[in-house]
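In: Structure for the following, please:
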Amino acid sequence: MRKTFLPFSPPLIGEEEINEVVDTLRSNWLTTGPKTRQFETDFANFLSAPGALALNSCTAGLHTALVTLGIGPGDEVITTPMTFAASVNVIEHVGARPVFADVESDTLNISPEKIEAAITPKTKAIIPVHYSGHPVKLDEIQSIAEENNLHIIEDAAHAIPASINGTKIGASGNPTAFSFYATKNLTTGEGGMLTGDPGFLDECRIVSLHGMSREAWNRYGKKGTWKYDVVRPGFKYNMTDIQAAIGIWQLKKLPAFQKRRTEIVSAYQQAFKNMDHFQLPVTLKNVEHAHHLYPLRILPNQLNIDRDQFIEELRERQIGTSVHFIPMHLHSYYQDKYQHQPNDFPVAFEQYQQLLSLPLNPKMTDEDVSDVIQSVEDIVRKHKIRRAVA
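Out: Coordinates of the predicted model:
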């Protein structure tokens with residue numbers, strides 16, 4: 001058994017990021033400035049995206065996009081129940097109604113068929129979430145959106161550097177929000193990015209900084225002016241140069257991070273492939289999986305313990321885990337307001353009860369990976385149901 005606890009997903013920060021932050025601290029710019037601009041440009045180039053706007057969170061990106069698109073009271077936005085609260089809370093923030101569409105049982109991504117069934121005359125947008133880093137069926141969702149004159153705002157919190165048919169998520173032109181939270185594939189501690197068409201992002205930039213016609217960098221730079229106008233009631237969502245300094249180097253390291261994540265997933269898949277106690281994650285054809293999560297599902301009637309006990313057994317063996325996610329329709333706010341029942345979205349509800357996420361991050365050594373595999377195997381040996389031989 002391990003002597004030290006293996007965290008679920010710690011950040012991997014090197015001297016390059018530290019030195020870049022120190023350089024920022026010694027400069028004249030701490031808030032939104034030249035390094036934020038560099039990070040935006042580098043990020044857009046990496047994805048081949050039309051443009052990029054650096055923000056203080058993925059949540060800010062989703063919220064800013066909804067506001068800029070004019071979605072509000074009386075409107076409906078379709079999204080998945082299998083996501084973090086931010087994807088749905090932002091719909092509430094603009095006064096619209098979140099409408100859930102169930103997920104597909106293999107990838108746990110939102111089902112295009114269920115999206116189509118959920119559309120009403122009030123539907124204005126779809127927020128698909130690229131769950132665990134596996135891209136949604138974007139072509140099908142795009143066709144549905146075009147047929148029904150709907151906006152798509154992609155939640156790509158898990159999805160850098162995922163791609164479909166060689167096109168990276170974020171390059172489609174849809175407003176696409178990325179997360180740089182501490183556990184993400186690329187981190188700035190806290191932070192996010194919104195990609196999309198430059199004209200749309202110009203409007204989002206105004207929304208994201210108090211609704212001012214000129215942002216702080218323009219006001220206080222050499223060519224700036226103290227004159228500005230507030231053209232709408234905006235928010236305080238801008239990224240700082242301190243955060244961007246970390247992001248600049250994290251982006252450079254991302255291909256190496258992705259390679260290591262893929263190696264860890266391959267080791268897990270090889271180790272667990274013959275265990276009929278689990279449903280393993282899948283990768284569909286023509287996609288590159290970002291491997292943000294490794295969601296393992298414990299199949300019913302295979303072990304004499306449930307998912308929660310399995311997690312506790314891993315913790316006793318010094319292995320950190322998590323569950324992604326408690327479906328949104330099970331949380332008290334959304335249950336109470338919209339009278340959702342657990343089986344309203346049966347796939348999400350059933351799969352949630354089986355889910356746990358194993359450690360997956362580029363900081364893991366081969367020994368760490370081996371410890372996880374051995375712990376899972378040990379728990380299975382200890383708790384598998386013994387079948388009577390006829």
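In: contacts, neighbours, all on C-alpha from now
Out: OK.
In: Tell me the predicted confidence for the spatially most central residue of the chain.
Out: The residue lying closest to the centre of the chain (C-alpha atoms, centre = their mean) is Ala157, at 2.1 Å. Per-residue pLDDT puts Ala157 at 98.
In: can you tell me how far it sits from His210?
Out: 24 Å (C-alpha to C-alpha, to the nearest Å).
In: roughly how far out does stretch 272-281 sit from the chain middle?
Out: Centre-to-centre, stretch 272-281 and its host chain are 25 Å apart (C-alpha atoms, centre = their mean, to the nearest Å).
In: what's the first-to-last distance across it?
Out: Using C-alpha to C-alpha, the end-to-end distance of stretch 272-281 comes to 11 Å.
In: again with stretch 91-106
Out: 27 Å.
In: buried residues in that stretch?
Out: Going by neighbour count (16 or more other C-alpha atoms under 10 Å), the buried part of stretch 91-106 is Ile91, Glu92, Val94, Ala96, Arg97, Pro98, Val99, Phe100, Ala101, Asp102, Val103, Glu104.
In: Then stretch 327-337?
Out: By neighbour count on 16+ other C-alpha under 10 Å, the buried set for stretch 327-337 is Pro327, Met328, His329, Leu330.
In: From those residues, pick the one nearest Thr240.
Out: Met328 (31.0 Å; C-alpha to C-alpha).
In: In contact with the closest one: list those residues for me.
Out: Pro81, Met82, Thr83, Phe84, Ala85, Val88, Tyr334 (C-alpha atoms under 8 Å, 6 or more residues apart in numbering).
In: Skip the chain neighbours and tell me the closest residue to the second one.
Out: Counting by C-alpha to C-alpha, 6 or more residues apart in numbering, the nearest residue to Met82 once its immediate chain neighbours are dropped is Pro327, at 4.8 Å.
In: wait, that neighbour sits on Glu350?
Out: No: Pro327 lies out of contact with Glu350 (C-alpha atoms under 8 Å); the separation is 10.1 Å.
In: Buried ones among the contacts of Met328?
Out: If we count by 16+ other C-alpha under 10 Å, the contacts of Met328 have these buried: Pro81, Met82, Thr83, Phe84, Val88.
In: ok, the last one - contacts?
Out: Contacts were defined as C-alpha under 8 Å, 6+ apart; by that measure Val88 touches Thr79, Pro98, Met328.
In: Distance check, the last one against Gln335.
Out: Same thing as Met328. Taking C-alpha to C-alpha, one finds Met328 at 9 Å from Gln335.
In: Could you do Glu313 as well?
Out: 31 Å.
In: Could you do Ile305 as well?
Out: 28 Å.
In: Which ones among the contacts of Val88 map onto strands?
Out: Judged by DSSP state E, strands contain the following of the contacts of Val88: Thr79, Pro98.
In: what would the contacts of Val88 look like in JSON lines with distance to Gln341 and pLDDT?
Out: Below are the contacts of Val88 laid out as JSON lines (distance: C-alpha to C-alpha, whole Å; pLDDT from 0 to 100):
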{"residue": "Thr79", "distance to Gln341": "17", "pLDDT": "99"}
{"residue": "Pro98", "distance to Gln341": "15", "pLDDT": "98"}
{"residue": "Met328", "distance to Gln341": "11", "pLDDT": "98"}
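In: Just give me the closest of the contacts of Val88 to Gln269.
Out: Nearest to Gln269 out of the contacts of Val88 is Met328 (C-alpha to C-alpha; 28.6 Å).
In: buried sites along the helix or strand Gln38 falls within?
Out: In this assignment (DSSP states H and E), Gln38 forms part of helix 34-47. Neighbour-count burial for helix 34-47 flags Pro34, Lys35, Thr36, Arg37, Gln38, Phe39, Glu40, Thr41, Asp42, Phe43, Ala44, Leu47 (criterion: 16+ other C-alpha under 10 Å).
In: With just CA atoms, put the helix or strand following it into PDB.
Out: Using DSSP H and E, the next helix or strand after helix 34-47 towards the C-terminus is strand 52-55. What follows is strand 52-55, C-alpha atoms only, in PDB (Å, rounded to 0.1, in the frame of the first residue of the first chain):
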ATOM      1  CA  ALA A  52     -10.200  34.200 -28.300                       C
ATOM      2  CA  LEU A  53     -11.100  36.300 -25.200                       C
ATOM      3  CA  ALA A  54      -9.400  35.600 -21.900                       C
ATOM      4  CA  LEU A  55     -11.700  35.600 -18.900                       C
END
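In: Tell me which other helices or strands strand 52-55 touches.
Out: helix 34-47, strand 192-195, helix 198-208 (3 or more C-alpha pairs under 8 Å, 6 or more residues apart in numbering; DSSP states H and E).
In: What sits closest to Gln279 if chain neighbours are left out?
Out: Using C-alpha to C-alpha, 6+ apart, the closest residue to Gln279 is Arg297 (5.0 Å).
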